[in-house]
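[1] 3D model of this:
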Amino acid sequence: MAYQATLQGYDVRHVEADTEFARYGLASAPEQAGLLKGWIEPDLLILDDLFLARRIADVSAELLQAIVHQRYKLRRAIVITSNRVVQDWGRCLGDATMATTILDRLMHRCSMLEFEGRSYRLKEAAARIAVTPEQA
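    As a prediction, the model looks like this:
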């Protein structure tokens, strides 16, 4: 999706969510303002692996809310990937009301894709270590 958007001339930003949110928490106020601007301005923002850790810091939760709110107001696209179901977002954020606010804006004009099944990484690893009769 990001590749196709880039080919069509859209400004796309890919962010490893938990890593960048932690970096934001350690940054100075001017650095935080620059980071936030970089996540608000692109036509498409991809927040990858949100909630990879079970619980994110309060500053990260507030940042996520700010990003979603600002992008919603500006009608800018956002893609979020996560292994956590939306029902768990309140626990991951540490605040059910904040989760509801974020999800309200995300789901108002969204297409939600939910995938089930085994991880392709685990499937590939299992195939590599499988012993065939010729190897035994």
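
[2] Residues in contact with the lengthiest helix in the chain: which ones?
    Counting by DSSP state H, the longest helix found in the chain is helix 58-74. When contacts are defined by C-beta atoms under 8 Å, 6 or more residues apart in numbering, helix 58-74 is touched by residues 17-18, 21-22, 24-25, 36, 39-40, 45, 47, 50, 56, 77-78, 93-95, 98, 101-102, 105-106, 108. C-beta: built from backbone N, CA, C; applies to glycine.

[3] Can you say which of those residues are buried?
    Neighbour counting with 16 or more other C-beta atoms under 10 Å marks 17-18, 21-22, 24, 36, 39-40, 45, 47, 50, 56, 77-78, 93, 95, 98, 102, 105-106 as buried within these.

[4] all strands of the protein, in order?
    In the chain, the segments counted as strands under DSSP state E are 12-16, 44-50, 77-82.

[5] Need those in TSV (columns: distance to Q70 and mean pLDDT).
    Converted to TSV, the strands of the chain look like this (distance: least, C-beta to C-beta, whole Å; pLDDT from 0 to 100):
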stretch	distance to Q70	mean pLDDT
strand 12-16	14	96
strand 44-50	10	95
strand 77-82	10	93
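
[6] Columns distance to A29 on top of those strands, output as JSON lines?
    Output for the strands of the chain, formatted as JSON lines (distance: least, C-beta to C-beta, whole Å):
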{"stretch": "strand 12-16", "distance to A29": "20"}
{"stretch": "strand 44-50", "distance to A29": "22"}
{"stretch": "strand 77-82", "distance to A29": "24"}
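
[7] With respect to burial, which of the ones you listed scores highest?
    strand 44-50 (a mean of 20; mean count of other C-beta atoms under 10 Å).

[8] neighbouring contacts of it?
    For strand 44-50, contacts defined as C-beta under 8 Å, 6+ apart pick out 1-2, 5, 10-18, 39, 64, 67, 71, 76-84.

[9] For E20, list the residues it contacts.
    L35, W39.
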